[in-house]
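In: need a structure here:
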Amino acid sequence: MRNYLGLLTAIILLFLISSCKSGEKLYNKGRYDDAVEAFVKKLQRRPQDATSLELLPKAYEQSQIQHENKVNGYLASNDPLKWESVRREYGAMQKLYKAIQASPAALAVVKPKDYRSELTGARENAAEVRYDRGMELLEKGDKMSARQAYQEFAATLKMVKNYRDAQQRMDEAFQLGTINVLISQIAVRSPYFQFSADQFRAELIQNLQTRNINSFVKFNDERIASAQQIRPDEYLEMQFYDFEVGQTYVDRSQRDVSREIEDRPLKDTSGKLIKRYMTVKATIYIVKKTVISRGLLDYRITDVNNNQVLRQDRIPGSYTWVNQVGSYRGDERALSDEDKRQMGGVDMAPPPPQELFLAFTKPIYDQLASDLQYFYNNMQ
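Out: Next up is the predicted model:
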């Protein structure tokens with residue numbers, strides 16, 4: 001027990017010594033903010049620590065000089081967002097103020113400056129600059145400027161919560177900057193597959209909305225948009241082209257197989273066993289049904305205002321359904337392991353055309369969703 005207490009004491013002393021050296025090392029490297037925090041923490045544990053009491057005032061003074069020099073430099077610059085940099089410097093100094101205030105030992109040797117008023121002023125000025133930039137962009141009236149204005153108003157509210165009517169203006173910018181994409185009904189010449197095409201479109205719209213591809217892009221069903229009188233900005237038109245569903249191929253094959261196997265041995269005249277071999281035969285029958293469904297989807301995105309085609313492409317898709325049944329006649333011993341794997345199976349009817357339609361459109365659906373995500377994430 002005594003050895004354990006001795007070891008624990010040694011570890012604590014080593015930690016305190018290293019902590020002190022750490023603060024002094026930070027000070028010597030010119031990292032005055034970090035040094036101040038290190039000395040304050042040390043004084044909270046050991047209020048009489050001589051090194052910390054000596055170097056803390058020097059570290060704080062140097063830190064204050066550094067930050068105020070930066071503030072003066074920012075204020076003299078032409079950077080329109082300079083108040084945000086000023087706010088950052090005052091924020092760093094206020095953090096040191098709070099740290100020193102929380103330590104009586106540190107407060108005894110340093111009288112830190114309270115930068116609350118300077119910090120508040122910098123925030124107000126930064127918010128005003130962002131707000132004015134947002135209003136200037138909003139007044140341009142185009143979607144790109146509105147999206148930029150939205151970001152400016154969001155930055156305004158980050159600086160000062162409930163700043164003037166920034167929230168209202170941000171909502172206004174969002175509405176103006178949003179692109180309403182109207183997704184048309186899919187043209188399918190065969191009424192037999194129209195329900196499947198509608199399912200394809202419904203799932204696409206739901207997926208695009210769930211993906212949140214771009215906060216400024218809203219996808220709308222053509223029928224719903226018409227009922228709600230939503231004015232479209234872009235029109236996504238789709239048409240299945242050159243598609244076939246349920247192209248069936250039946251392949252019947254048979255082949256003869258044989259193997260030489262060991263038969264029961266015979267005894268010769270001397271009574272010695274003699275190995276004998278025999279050939280076993282079988283005929284394998286394989287019926288393989290293959291149903292192929294495939295097609296192409298043409299899609300085109302058009303700007304409603306000027307009828308300009310923004311993007312168009314053609315996406316292929318296919319699905320192959322296979323059913324195989326294997327049987328044999330003859331001696332099972334003639335079958336190899338591979339032959340046996342082909343045996344069995346149930347003669348099944350292929351899925352109905354509606355299912356086959358959805359199956360071959362699945363890869364088209366995935367590719368189209370990815371294409372749209374790329375397009376709208378990279379829009380200007």
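In: D339 touches V257, doesn't it?
Out: Yes: between D339 and V257 there is a contact under C-beta atoms under 8 Å: 6.3 Å. Every C-beta, even on glycine, is put in place using the N, C-alpha and C of the backbone.
In: Need the residues touching each of those two.
Out: Residues touching both D339 and V257 by C-beta atoms under 8 Å, 6 or more residues apart in numbering: I284.
In: just the helices in the stretch 51-200 of the chain please.
Out: 82-101, 104-107, 116-138, 143-159, 166-177, 194-211 (DSSP state H, counting those that start in this stretch).
In: The ones you listed: which one's closest to Q64?
Out: Minimum separation from Q64 across these (C-beta to C-beta) falls at helix 82-101, 6.7 Å.
In: Okay, buried residues for that closest one please.
Out: 82-90, 92-94, 96-97, 99-100 (16 or more other C-beta atoms under 10 Å).
In: before we move on, what about stretch 285-303?
Out: Result for stretch 285-303 [16+ other C-beta under 10 Å]: buried residues 286-289, 291-295, 297, 299-302.
In: Stretch 132-142 now?
Out: Judged by neighbour count using 16+ other C-beta under 10 Å, the buried positions of stretch 132-142 are R133, G134, M135, L137, L138.
In: Repeat that for stretch 54-74.
Out: Residues L55, L56, A59, Y60, Q62, S63, Q64, Q66, H67, E68, V71, Y74 are the ones in stretch 54-74 that count as buried (16+ other C-beta under 10 Å).
In: got TSV for those residues, with pLDDT and distance to A108 too?
Out: Formatted as TSV, the buried residues of stretch 54-74 follow (pLDDT from 0 to 100; distance: C-beta to C-beta, whole Å):
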residue	pLDDT	distance to A108
L55	96	14
L56	96	10
A59	96	15
Y60	96	13
Q62	96	19
S63	96	18
Q64	96	18
Q66	96	24
H67	97	23
E68	96	24
V71	97	28
Y74	97	33
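In: Dump the residues you listed into JSON lines; add distance to Y163 as well.
Out: Output for the buried residues of stretch 54-74, formatted as JSON lines (distance: C-beta to C-beta, whole Å):
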{"residue": "L55", "distance to Y163": "41"}
{"residue": "L56", "distance to Y163": "38"}
{"residue": "A59", "distance to Y163": "36"}
{"residue": "Y60", "distance to Y163": "33"}
{"residue": "Q62", "distance to Y163": "35"}
{"residue": "S63", "distance to Y163": "30"}
{"residue": "Q64", "distance to Y163": "29"}
{"residue": "Q66", "distance to Y163": "30"}
{"residue": "H67", "distance to Y163": "25"}
{"residue": "E68", "distance to Y163": "27"}
{"residue": "V71", "distance to Y163": "22"}
{"residue": "Y74", "distance to Y163": "21"}
